[in-house]
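Asker: Dropping a prediction and its sequence here:
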Amino acid sequence: AADKINSISQDFFAELCEQTIQHLNHKIPGVNTTELCQRIQTSGIEINTGDLAKIANIVSFLFSTAARNNLSTEELIATLGSAVSVLPKHAIQVIRHVWNEQGKSISVSEDARNMATVGQFVDIKWKLGVAMSSDTCRSLKYPYVTVTLKVADPSGQIMDKSFEMTIPQFKNFFRQFKEMAAVLETV
């Protein structure tokens with residue numbers, strides 16, 4: 001992971017660290033590694049989303065462990081220096097700066113720890129489509145609904161989950177959402 005961190009510019013690594021702190025503070029649902037990875041690749045750096053997600057997990061573990069142990073900036077850097085001497089200098093500088101500026105704001109309440117085992121809904125997109133034909137059937141005219149859920153998993157990685165439904169399946173899906181809304185009205 002250190003060689004991948006080394007390939008990322010200081011600015012992108014700082015953005016990753018800041019998003020991680022915001023996620024740990026429950027200000028954003030997660031670190032959007034897909035979007036960040038695309039921007040890093042556009043700048044000419046070769047990295048894939050999986051590697052960037054691993055780095056984000058390492059940074060998240062680092063900051064959450066430091067918060068749980070109430071480490072000062074100097075204690076965190078001393079721990080990093082003795083345990084992980086392979087980290088690039090620019091990464092240590094970014095970690096020092098971000099932790100010094102925002103580290104104390106991380107809340108580690110018991111409720112936050114318990115919530116962290118469940119993903120978090122971020123966004124939903126849908127579209128209506130019609131399958132016109134296929135190689136086995138000339139005239140389908142078969143309507144369907146495609147739904148894409150954007151979800152932040154417990155580690156904070158934002159993922160898209162897509163699925164298609166027939167119109168009867170969509171009507172059942174919609175009915176269940178109406179039932180949930182009615183129950184929520186009583187709370």
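Answerer: That came through, no problem. Numbering: from 1, shown residues only.

Asker: Okay, the residue nearest to the spatial centre of the chain and residue 164: tell me how far apart.
Answerer: With distances taken as Cα atoms, centre = their mean, residue 157 lies nearest the centre of the chain, 2.2 Å away. Applying Cβ to Cβ, to the nearest Å, the value for residue 157 to residue 164 is 24 Å. Just so you know, the C-beta spots here come from the backbone N, C-alpha and C atoms, and that holds for glycine as well.

Asker: repeat for residue 137
Answerer: 17 Å.

Asker: how many neighbours does the nearest residue to residue 4 once chain neighbours are set aside have?
Answerer: The shortest distance from residue 4 to any non-neighbouring residue, by Cβ to Cβ, 6 or more residues apart in numbering, is to residue 51 (4.9 Å). If you count neighbours by other Cβ atoms under 10 Å, residue 51 ends up with 18.

Asker: The one 3 residues further on too?
Answerer: The burial metric for residue 54, expressed as a neighbour count using other Cβ under 10 Å, is 16.

Asker: Could you list the domains of the protein?
Answerer: 1-116, 120-185 (the TED database).

Asker: pLDDT score for residue 114?
Answerer: Model confidence at residue 114, given as pLDDT, is 46.

Asker: meant to ask about residue 140
Answerer: So residue 140 comes in at 75 (pLDDT).

Asker: is it true that it touches residue 129?
Answerer: No: using Cβ atoms under 8 Å as the test, residue 140 is too far from residue 129 to be in contact (11.2 Å).

Asker: Relative to residue 168, how far out is residue 97?
Answerer: 55 Å.

Asker: Who has more neighbours out of these two?
Answerer: Higher neighbour count among residue 97 and residue 168: residue 97, with 15 against 8, using other Cβ under 10 Å.

Asker: mind checking how far that one is from residue 87?
Answerer: 14 Å.

Asker: just checking, residue 24 touches residue 62?
Answerer: No: with contact defined as Cβ under 8 Å, residue 24 does not count as touching residue 62 (10.5 Å).

Asker: Can you report how many residues neighbour residue 18?
Answerer: 16.

Asker: typo on my end, residue 30
Answerer: If we define neighbours as other Cβ under 10 Å, then residue 30 has 24 of them.

Asker: Apart from its chain neighbours, what residue comes closest to it?
Answerer: In space, and not counting its chain neighbours, residue 30 is closest to residue 152: 3.0 Å by Cβ to Cβ, 6+ apart.

Asker: and the one you found, what is it in contact with?
Answerer: 23, 29, 30, 119, 120, 122, 158, 159 (Cβ atoms under 8 Å, 6 or more residues apart in numbering).

Asker: Cheers, nothing more for now.
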